[in-house]
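Asker: coords below, sequence missing:
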């Protein structure tokens with residue numbers, strides 16, 4: 001089955017200080033089974049931004065940026081563009097933003113998962129909550145959710161909301 005992956009998940013696969021075994025496993029299982037990984041069109045920019053922030057904060061060297069980016073896109077993530085106005089079973093983007101409180105760049109992941117009717121893989125706690133509220137399966141299962149039945153806290157290592 002196709003899987004929508006977001007930048008938070010892929011950054012947790014390639015940044016040493018954000019490394020998450022559950023994130024790596026979620027991607028490796030799907031990729032290893034030959035299942036397509038997809039993301040909205042802006043994914044590479046969001047991924048590069050997270051890598052650049054890590055370098056600026058001294059969490060990696062400048063020369064390591066390209067290697068980290070290459071490792072994150074190695075699974076061959078297909079980029080998809082959907083119309084913001086929706087249609088043909090695609091929810092309008094701004095309706096999702098209004099309902100969920102997400103920023104547009106995060107709502108694009110949710111819009112894609114809803115349009116394709118496929119799971120979303122993310123470590124972003126707000127995106128995970130919004131996807132679950134829309135009836136989208138969210139991967140990977142996080143230990144904190146499995147134990148408490150609640151959404152995770154503090155899973156946004158690569159950027160903060162203002």
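Answerer: Received the coordinates, thanks. Here the structure is a predicted model, which means the values were calculated and not measured.

Asker: And the one helix or strand residue 130 maps to, what's buried?
Answerer: Assigned by DSSP states H and E, residue 130 belongs to helix 125-133. For helix 125-133, the neighbour count (16 or more other CB atoms under 10 Å) marks 125-131 as buried. In this view, the C-beta of every residue, glycine as well, is placed from N, C-alpha and C.

Asker: what's the answer for stretch 40-49, then?
Answerer: Residues of stretch 40-49 classed as buried: 40, 42-43, 46-49 (neighbour count, 16+ other CB under 10 Å).

Asker: and residue 34, which of the three is it?
Answerer: Under DSSP: H, G, I helix; E, B strand; the rest coil, residue 34 falls in the coil class.

Asker: now swap in the one 5 residues further on and tell me
Answerer: Here residue 39 is recorded as strand under three-state DSSP.

Asker: Next one: the nearest residue to it once chain neighbours are set aside from residue 56, what distance?
Answerer: Excluding the flanking residues, the one nearest residue 39 by CB to CB, 6 or more residues apart in numbering is residue 77, at 5.1 Å. Going from residue 77 to residue 56 by CB to CB, to the nearest Å gives 24 Å.
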